[in-house]
Structure formats: structure tokens, C-alpha cells
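Asks: Let me see the structure of the following:
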Amino acid sequence: MSKPEIMVKCKIVAPKSTLSAVINTLYDLGLYHLTPHLKGTYNLDLGTPLAQAEELATLLVKVRQILARFPKTIAQNYLLNKFPAVSLTKKSWPELQRKVEKIFQEIKETEQKLALLREERLILHNQLISLSFLRKMKINAAALSQSQILCGVFGQIKRQEGLSAALSKHLPASSFFQEKDYIFVVAKKTQETELKNVLSSFGFTPFSWSLETNNLLSELKKKKELAAKKKEQKLILLKRLQGLSEEVAELQAWELEIQEEIRKQELPLSFAVTGSTFLAEGWLPQKQSAQVVQALEKITKNKIHVQLENPGKKDHPPVKLNNKKLVSPFEFLLKLYDLPSYKEIDPTSLLFFTFPIFFGFMLGDVGYGLVLAILFFILRKKMPAAKQMLDVLLFAAIVSIAFGFVFGEFFGFEYVGNETGEKLCNLGICLEKVTHFAGGHGAEGGQAVTIWEFPHLLHRASTKTNLFGYDILTVLIIGAIVGFIHLNLGLFLGFLNEAASHGWKHAVMAKLSWMIMEAGIIFAVLGGMGIFLPLVKWMGIIIAVIGVVMLVKGEGVQGAVEIPGLFSNMLSYMRLGAVGLASVGLAVVVNEKLALPFFEKGGIFIFFGIIIMILGHGINLLLGVIGPFLHGVRLHYVECFSKFFHGGGVEYAPFSRKKELTKE
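Replies: Below you'll find the predicted structure:
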């Protein structure tokens, strides 16, 4: 067990002329957890952003507008190390502005040309359709254009049902030519407005068509040649945009740098200021505090005052967890619940030892554990963002394999048949040969069947222990014993936390009293059972009463009210065995009740048996992850943590380059 890293309060007072240098130094060191200044505190106002903040914000908007026009796969080439690291300095700043403006204008100009070309190509496309239609339907466009009585309307229609009837009803003198969803309608010129109204109700889109030419074939050829030229123009413009992709990819790196520079420029908003000085308040890890002070004094040429103080009673320092590399992935489980307060013991190490044991005890199958271990190992490579969670689950899967050997289970099987067992023994893998009486009790009541059992210490579904005259499954008793140990470990940690926060006396009364009461109850029960002398029974009762009195004095009446809850908490740990029994039961159903009958029939039914086993064990495996995970964290969060953990810590977040932007 460890406590969060020791923090010291750090106040920085310096002239405004050193503001930029101080901010850059704090950013580069990445150790200073800033406490934002509240307006009015010390009767001081908030600071204002540095001079370039507004220009940088404008530039960032423009860079993002450029990046939004390109696929992310192109824009993120920088992240694949195709470009060197960049740094935003006073020297590179004007050059970057010119480059961004040049790219922005070039993209804007190219997009405008593409938009105009799209409009022209749409018109041309409609004209091609019109000419092709007129030629195919042998419509005399020249004659129709010279007519004083008739007019023509051409276009595309969405809904054709009822169109013919509608045209005949409203325009009895009209005629129309139709192919697929294209239609050409001829009507009297006096009916042109009515014609368009009827067509619009059927989702009509009008196309322009040529009435000036008699040579439709020649006109169609010209339009096709023009369409080919327009396509070439589009390809040239798209190639021009593609040629900018490398420059745009480099802008991805600059976008990240601009973001970081804006953070620096806006940091003074969290400072207090006077006319000529600024004040910053925050926290530093005690081990690195001297390093920060020296760096600030050096960069400002000693024109700075840095004051370091130990946390006061009313202070709430940020929490920096201090765990070894092997243990640190389990911080994921802790953060799902809460961070410890600054003075509390960090329970990550407890989670490291007990969560995988709980998970493994509940799943406890060699086959399932192997499948999960392989799956989690692959996923941690594919999903780096979920690496911590997958590391926890990978460790838990490995422990599940170990418990699988303890229980002698492989995908729910605890044994193999005589024929399979003999074949394995011939290969050098000899299991334990056992005579099993099926259909009855003992040799007299059932048929003798020879099986070969996997090595095991106990069978979850059958090994029992006699307790108070009752045969109880051993795994349930183990769960209760584990609960007793786990809860008392939580009480002991609570004792240490209370001693650090409120002194030893309160710790004894509030937490040690629980363990004294438990010891008294144990002695009283054992004395009553005759295991010890009768005197021990009364001594146990007296000790238990003393423990209750101490508890009431330490935690008040609420402590006494929670006494029944302690025993219900212990019984909750029996779910460690119960969840495992449910998994075993489902596996047995899949193997023996669903799949085995198909295997016994042979032939094509073997295939169906395999499918049933894959689906059944797949479902059981999914439940075998969800159930143990949820119950495992519940036994920690609800039962154990309630005995010692208060939480409410604020995570240590130093002012530095964001982790997701830092190259490994």
C-alpha cells in the first residue's frame, strides 16, 4: 500500500515582464499544478491573455477550416512520423501565417472553380439527356420551336403512378413521350402553366432542351466532346488539391502546436495581477520542487519570489498516485470509483492483488481463461486507448487459468471418457482414472462408468464441507472466509487512514473497535460450541460488548446501526462461488444437454453439435467476463471501500503538453 505523492504549495510572484518566460518554463517542466485565481481573492483582479492570443485563435480557425476539407488519413500523416517535429517560435510564426494564408487561398480558389464546373457539368448533363431523348423519340424539335400553338416540356419525374391519368384529365389535348423516368410532354401553349403544375405534383425536375438545331446527331456529338473536356478540367483541379495534401498534413502538426501555444497565451487568465506584477498559486511534487525553483530563478535572473509551503488543514492538494509499473494499470479501476483524498492510502495495490483473484475464482476455467488471455492480448495492441483496462483483464484472465487448474475445468469439462482418457495416456498425458456410478448412489444403485478426471484440488459443483451439521459447497464457504479477510483488511486500512487524519485515539474507537467486536463474537461462538472452555464464551461476549461501546463512542449511533451490515457484507462474498457455479452450470448444459446428443447421432449432426458448442460457450464466455468483472468491482466498491475509503481527491494535472499530443 502507498500514499499519494507528497505535495507542496507553491506561490510565484514576479514582474509582468517575465510572464512569458515563466509560463514557458512551467510548461516545459510539466510539474506545476495551477490553482486558478478567483476574482476578488486578495483584492486582486484576474490577468489577461498575452498579446498573440487573439491572432493565434484566428490562425487556428483557418488551419482547422483547411484540415476539415481533407480526409483525416491525409491530414494525420504527421502523426505517422512522416514529418519532423515543429515548434512555434517568433521566427517561425510569420512564415507559418504566410503558408496558411497561401494554402487557404489556393484551396478556396480551387473549390470555387470546382463548384462552377459542377454547375456547368450538371447543365451539360441535362442537355445530353435532352438531345439523346429527342433523337431517340424522333421528336421534330425545329418544327415544335416554330409552332405558334404548341409547346414542349422535358424533364425527369420521380413518381409515375397516375401520371397518364392526370395529364389526360387536365390536358386532354396533350401527348407525351416517356422512357424510364424521363418524359417529354407536348401541349397547347395556353396550357403550359397548368402542364407544369400537374407535373410538379409528381416530383418533376425540368431539363433545358435545344429547339434551335435540326441536326440532333451533330449537336449531341459536340455536347459529348464538351463533357469530356469538363471531366478533364475536374481531374486537373482535383489533382491540384491532392498536390496540397502533404502541406496540409504538415498543418496537422502545426494545429497541435498552435493549440498548445494558445494554452500558454491564455494561462494568465488563471493568475492574479497588480499593476506591474502577477501572482500564481499551485502545487508541486515535493521531490521536484527544488528543480522548479532553480529553473524559474535562472530564467528570470532572480527577478522572482517562489514560496513553498506544506499543505494546511484546510488545503486540498491534488493527488498524484505513486504506483509501480505492474500495479499502475489497476488505477483504471480506482478512477472508475473515485480518487483517494490527499491523506488517504491509495488502494490500487489492494485492487492489484484481490481483483484478479476474485475474477479468476469466479471464472476459473482453463479454456475460457486461455481464450480471454489471447483476446485481451490482441486487443491491447489494437486499442492503445484502452490499454490500462485490457492489462487489468489480461492479468485477471491469467489468474482464471490458474484457478481452472485448481477446479480441474476446461470449457466446463471436468473429465473425459474412458476411450479418450486411454488415448491421452498413450500420448503421455495420463489423467486420474475414476469409477463413476451413473444413475444411482454407490456400487449398488448405479451403473459403473470409468472416467478420467482432470487434475484438481476441488470440484466447484460437488465438493462440500460439513459445517454445523450441514453439507455446504466448499466454494461458498471459501467466499465467506475471503469476505471476512477482505473486510477486515479494509477496516485495518481505515484504521491507518483515521490515524493519519484524526489521530490514533479516534482510529482505535472508529475502526479497531470493529475488529475487537468481531474477535469477541468469534470467541463467544467457539466457546458456545464447546471447542474452548465455557469461560471463553463469556469472555467473548464481554469483548464483543466492549467493541460495540468503543464503536458507538467513535462513530456514534450510526456505527451500531451498521453492525448487521457487516455480516451481510461478509455473506455477499459468497457470490464469488455462486457466480462461478452459474458459469459451470451453463457450460454443463451446453456440453451435455445440447451438444452431446448431436455428437452421439454422428454424421452431419456433428457439425450442428460444434455450432451449438461455439455459440453456447461464446455466450457463457461473454457472461463470464461481465459477471466476474461487475461482481468483482462491486465487492471492492460497496463492501470493502466503505470501510476505509472517503475519496474526493482532485487528480494532479500539471500545466504541460497534453499527453495525447506527445510522441512516444
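Asks: Going by C-alpha atoms from here, please, whenever you check contacts or count neighbours.
Replies: OK.
Asks: check contacts around the residue nearest the centre of the chain.
Replies: Nearest to the mean C-alpha position of the chain, by CA atoms, centre = their mean, lies Ala386 at 6.3 Å. Going by CA atoms under 8 Å, 6 or more residues apart in numbering, Ala386 touches Arg380.
Asks: Am I right that Gln259 sits in a strand?
Replies: No - per DSSP: H, G, I helix; E, B strand; the rest coil, Gln259 lies outside any strand segment and is helix.
Asks: Surely it is in contact with Val61?
Replies: No - applying CA atoms under 8 Å as the test, Gln259 and Val61 come out as separate, 10.4 Å apart.
Asks: If you count surrounding residues, which of these two has more?
Replies: Gln259 (15 against 12; other CA atoms under 10 Å).
Asks: For the residue nearest to the more buried one when sequence neighbours are not counted, give its distance to Ile66.
Replies: Closest residue to Gln259 apart from its sequence neighbours, by CA to CA, 6 or more residues apart in numbering: Leu60 at 7.3 Å. Leu60 is 10 Å from Ile66, where distance means CA to CA, to the nearest Å.
Asks: Where does the residue nearest to Gln259 fall, secondary structure wise?
Replies: Assigned by DSSP states H and E, Leu60 belongs to helix 53-67.
Asks: swap in Leu375?
Replies: In the assignment (DSSP H and E), Leu375 maps to helix 366-382.
Asks: which stretches of the stretch 301-450 of the chain aren't confidently modelled?
Replies: Applying pLDDT under 70 to the stretch 301-450 of the chain picks out residues 436-447.
Asks: any chance you could map the strands in it?
Replies: Remark: strands assigned in the stretch 301-450 of the chain by DSSP state E, counting those that start in this stretch are 305-309, 415-417, 432-438, 447-453.
Asks: So which of these is nearest Arg159?
Replies: Arg159 lies closest to strand 415-417 among the strands of the stretch 301-450 of the chain, at 67.8 Å (CA to CA).
Asks: just to revisit the earlier point, residues in contact with the helix holding Leu60: which ones?
Replies: Residues outside helix 53-67 that contact it (CA under 8 Å, 6+ apart): 75, 97, 100, 103-104, 107, 248, 251-252, 255, 258-259, 261-262, 265-266.
Asks: Cross those against helices and list the overlap.
Replies: Per DSSP state H, helices hold the following members of the contacts of helix 53-67: 75, 97, 100, 103-104, 107, 248, 251-252, 255, 258-259, 261-262, 265-266.
Asks: so which two of those residues are the farthest from each other?
Replies: Top of the distance list for the ones in helices among the contacts of helix 53-67 (CA to CA): Ile107 and Glu266, 30.6 Å.
Asks: Now for the protein, the helix or strand with the poorest mean pLDDT.
Replies: Least confident helix or strand, the chain: helix 442-445 with a mean of 47, by mean pLDDT, DSSP states H and E.
Asks: per-domain residue ranges of this protein.
Replies: Domain segmentation of the chain under automatic domain parsing yields 118-234, 415-453.
Asks: how long is the shortest one end to end?
Replies: Which is domain 415-453. In domain 415-453, first residue to last residue: 4 Å (CA to CA).
Asks: One more: the longest one?
Replies: Across its full length, domain 118-234 reaches 8 Å end to end, with CA to CA as the criterion.
Asks: Could you pull out the helices in the stretch 351-500 of the chain for me?
Replies: 366-382, 387-407, 418-426, 442-445, 474-502 (DSSP state H, counting those that start in this stretch).
Asks: Which strands or helices does the longest one pack on?
Replies: It refers to helix 474-502. helix 504-507, helix 513-528, helix 563-572, helix 575-588 (3 or more CA pairs under 8 Å, 6 or more residues apart in numbering; DSSP states H and E).
Asks: Just the buried positions in that helix, please.
Replies: Buried residues in helix 474-502, counted by 16 or more other CA atoms under 10 Å: 474-477, 479-480, 482-484, 486-499.
Asks: ok, Ile651 - contacts?
Replies: For residue 651 the amino acid is Glu, not Ile. Pro318, Val319, Lys320, Leu339.
Asks: circling back: weakest of the domains of the chain in terms of mean pLDDT?
Replies: Here the domains of the chain differ in mean pLDDT, and the lowest is domain 415-453 at a mean of 67.
Asks: surely Phe358 meets Gly632?
Replies: Yes - counting by CA under 8 Å, Gly632 is a contact partner of Phe358 at 5.8 Å.
Asks: Tell me the secondary structure at the residue lying farthest from the centre of the chain.
Replies: Centroid-distance maximum for the chain: Gln148 at 72.5 Å, with CA atoms, centre = their mean. The three-state label given to Gln148 by three-state DSSP is coil.
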